[in-house]
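Engineer: Any chance you could fold what I've pasted below:
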Amino acid sequence: MSSTQSWSEEWKTLGLGARLPKDDGSRLTNLLFVQMGFGVDQHGNDASNASGSGGGATKAAIRAVRNAIEFNSIPGVIEAVPGGRAEMLISVKLKVPTKRGSTDPMEVNLNEVASVFPYGRLLPMEVVVGGLSFNTGRIVRELGDEDDVAVCVAACISIGYDNGQRDDDEKSHKLHDTKDGV
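Structural biologist: Numbering: from 1, shown residues only. As a prediction, the model looks like this:
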């Protein structure tokens, strides 16, 4: 995928949309913002649907990402990140319930999740087992239900930038103590 790709036609027509980092080795060395969110699809269905969208886990993941970012404004990122919001790195970690009878997480269409972000550069998304699936006790066939499984996904969205410095011992961003300046 190109570093200029936008996953959302809506954002693309506005000249916006998150893209891939320019460098495959990019990583968050300077972490500026971390936000968590969760999303539920009460008509989730356990399996992927015919369109390959990942079924309820995709819808729940999109809602989780939106929940994490929609009530936040980060105007200072323009000054804090070299290159401004267009060069801001975005890290996404999704906790998704397991497929029925498996230890693997349910499928999530990450391109659909990526379309939520209006700007920045998306690092590879991480999908791990977590979240929650539960039975609702009802099936609404008019809404496409195949079973009564609801899906809940948790999302962690981190933003920052890569300062380009590498230390062999440094595996992630700089850690800070609760005391300022430490």
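
Engineer: For the rest of this, base every contact and every neighbour count on C-alpha atoms.
Structural biologist: OK.

Engineer: need the longest helix for this protein.
Structural biologist: Secondary structure of the chain per DSSP state H: the longest helix is helix 55-69.

Engineer: helices or strands up against that one?
Structural biologist: Other helices and strands packing on helix 55-69, by 3 or more Cα pairs under 8 Å, 6 or more residues apart in numbering; DSSP states H and E, are strand 30-41, strand 89-96, helix 110-114, strand 149-161.

Engineer: The third one packs against which elements?
Structural biologist: For helix 110-114, the helices and strands in contact under the criterion 3+ Cα pairs under 8 Å, 6+ apart are helix 55-69.

Engineer: Now do the helix it packs on: distance to the chain's middle.
Structural biologist: Here the centre of helix 55-69 is set off from its chain's centre by 8 Å, with Cα atoms, centre = their mean, to the nearest Å.

Engineer: Please apply the same query to stretch 69-80.
Structural biologist: The answer for stretch 69-80 is 17 Å, by Cα atoms, centre = their mean.

Engineer: Going by neighbour count, which residues of that stretch are buried?
Structural biologist: For stretch 69-80, burial by neighbour count (16 or more other Cα atoms under 10 Å) applies to 69, 77.

Engineer: re the thing from before, could you check the angle strand 30-41 makes with the longest helix of the chain?
Structural biologist: Angle of helix 55-69 versus strand 30-41, following axes from the mean of the first three to the mean of the last three Cα atoms, to 10 degrees, is 140 degrees.

Engineer: okay, helix 55-69 in CSV with CA atoms only?
Structural biologist: The C-alpha coordinates for helix 55-69 follow below in CSV (Å, rounded to 0.1, in the frame of the first residue of the first chain):
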residue,chain,number,x,y,z
GLY,A,55,-19.0,-9.0,10.6
GLY,A,56,-19.7,-7.5,14.1
ALA,A,57,-16.1,-7.4,15.2
THR,A,58,-15.4,-4.8,12.4
LYS,A,59,-18.4,-2.7,13.3
ALA,A,60,-17.5,-2.9,17.0
ALA,A,61,-13.9,-2.0,16.3
ILE,A,62,-14.9,1.1,14.3
ARG,A,63,-17.2,2.1,17.1
ALA,A,64,-14.4,1.6,19.7
VAL,A,65,-11.9,3.7,17.7
ARG,A,66,-14.5,6.4,17.2
ASN,A,67,-15.3,6.3,20.9
ALA,A,68,-11.6,6.8,21.7
ILE,A,69,-11.1,9.8,19.4
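
Engineer: Show me what secondary structure element comes after it.
Structural biologist: Counting by DSSP states H and E, the element after helix 55-69 in chain order, helix or strand, is helix 77-80.
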